[in-house]
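1. Attaching a predicted model along with its sequence, questions to come.
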Amino acid sequence: MVFDDRWGHGWGWAGWTMMGLGMLGELLLLALLVALLVRVTTWGGAVSRQDVPPSAVADPRSLLDERLARGEIDLEEHAALVSALRHPR
């Protein structure tokens with residue numbers, strides 16, 4: 001009897017194992033590419049400082065005034081920080 005190898009029956013367990021691992025690798029690569037594509041399109045990447053409008057960037061003095069108004073710092077600390085802003089080292 002002659003062995004008929006036209007349909008890949010001669011691969012054995014090693015051939016089928018390697019083919020299965022190759023398929024899993026390709027599926028993993030496809031999933032990573034889809035996840036990367038979703039991340040880039042959904043979150044839009046990082047926002048640079050140039051993209052922020054000037055009105056959204058407050059000066060340090062107004063930030064200190066807001067912190068004082070919220071009660072995060074007391075009057076003495078506010079005065080010391082304002083003085084440090086006027087006279088940097």
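-> Everything's here; your move. Bear in mind that the values here come from a model prediction, so they are computed numbers and not experimental data. Numbers count the residues shown, from 1 in each chain.
2. contacts for the strand or helix carrying Ala79?
-> Applying DSSP states H and E as the criterion places Ala79 in helix 75-86. Contacting residues not belonging to helix 75-86 are listed as Pro60, Arg61, Leu64, Asp65, Arg67, Leu68, Ile73 [Cβ atoms under 8 Å, 6 or more residues apart in numbering]. Just so you know, the C-beta spots here come from the backbone N, C-alpha and C atoms, and that holds for glycine as well.
3. Same list (the residues you listed) but as TSV, adding secondary structure and neighbour count.
-> As requested, those are exported to TSV (DSSP: H, G, I helix; E, B strand; the rest coil; neighbours: other Cβ atoms under 10 Å):
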residue	secondary structure	neighbour count
Pro60	helix	11
Arg61	helix	12
Leu64	helix	20
Asp65	helix	14
Arg67	helix	14
Leu68	helix	17
Ile73	coil	15
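4. residues in contact with Leu64?
-> Ile73, His78, Leu81, Val82, Leu85.
5. so where is this protein shaky, pLDDT-wise?
-> Counting by pLDDT under 70, the chain contains low-confidence ranges at 1-10, 43-57.
6. let's see it at 90
-> Along the chain, segments meeting pLDDT under 90 span 1-16, 38-63, 66, 85-89.
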